[in-house]
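K.L.:
predicted model follows, preceded by the sequence.
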Amino acid sequence: MLTGANLRGANLSGANVSKAELAYARLVDVDITNADFTGCRIYGVSAWGLTLSDGTKQRDLIITTLHEPKITVDNIEVAQFIYLMLNNQKIREVIDTITSKVVLILGRFTDERKKVLDALRDELRKRDYLPVVFDFNKPACRTTDETITLLARMARFVIADLSDAKSVLQELRGIVPELPNVPVKPVIIASQDEPGMFDFYRPFPWFLPVHRYNTPAQLLTELSDRVIQPALEFRATTAATS
């Protein structure tokens, strides 16, 4: 019985604790490489900073008490999150809000064009969306790409302003091929040409046709019909056919 055990910093590499009672145990900074946790009850476990390996066995972990219907997961680190989702209405509301209202805005803006980003953000707020702005002020690195992809996974759709920001197409390589359920709506000021890299994205239906605008004011006027609505229609079509 390991119920309530404080295993902080323990080395459980290669240990076989399958079907153990680990309810309320403290697993912080524990090495569980190649360990076997199959079938353990981990209700109330505090699991942070675990060291795992491909050989770590985490199947059929029980996240409920003896007096509740059995629910199992296959990952110790996400078990707490899953249980909170099931039992905390506020968390479910937050997740529902994120997946239904977040709009990711991408662009690399000079001081002169910063007003476009700000105007898009303010207009989306008025429409009850939660705009998340990623303003590229330096070339993307691996960490930046991972952040962009994570934000895109949470977004209802993405608006990518390519005006003076053609390198944003490079960052979109981490989004468009991998996230077919997240429509990307590119916009560009009418005086600029579409970058050659557009050809890479055209085969993906969720990379929507580019919207050209002459002024920020025009972009805001046409935002609903030419930017938001096509993205929502694509989401609706995807949901209906999935």
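P.N.:
Nice, I can see it.
K.L.:
against Arg8, how distant is the residue lying closest to Asp29 once chain neighbours are set aside?
P.N.:
Leaving aside its sequence neighbours, Asp29 sits nearest to Gly49 (Cβ to Cβ, 6 or more residues apart in numbering; 4.4 Å). For every residue, glycine as well, the C-beta is placed using N, CA and C. For Gly49, the distance to Arg8 equals 9 Å [Cβ to Cβ, to the nearest Å].
K.L.:
quick check: neighbours shared by these two?
P.N.:
Val28, Asp29, Val30 (Cβ atoms under 8 Å, 6 or more residues apart in numbering).
K.L.:
show the contacting residues for the residue nearest to Asp29.
P.N.:
For Gly49, the residues meeting the contact criterion (Cβ under 8 Å, 6+ apart) are Val28, Asp29, Val30.
K.L.:
let me know the pLDDT of the last one.
P.N.:
I take that to be Val30. According to the per-residue confidence, Val30 scores 95 in pLDDT.
K.L.:
chain neighbours aside, what residue packs nearest to it?
P.N.:
Nearest non-adjacent residue to Val30, counting by Cβ to Cβ, 6+ apart: Ala10, 5.1 Å away.
K.L.:
okay, now that neighbour: neighbour count?
P.N.:
Other residues near Ala10 come to 16 when the count uses other Cβ atoms under 10 Å.
K.L.:
go on, Asp199?
P.N.:
9.
K.L.:
check Phe81 too.
P.N.:
Counted with other Cβ under 10 Å, the burial measure for Phe81 works out to 14 neighbours.
K.L.:
confirm that it sits in a helix.
P.N.:
Yes - according to DSSP: H, G, I helix; E, B strand; the rest coil, Phe81 belongs to a helix.
K.L.:
per-residue pLDDT of it, please?
P.N.:
Phe81 is assigned 78 on the pLDDT scale.
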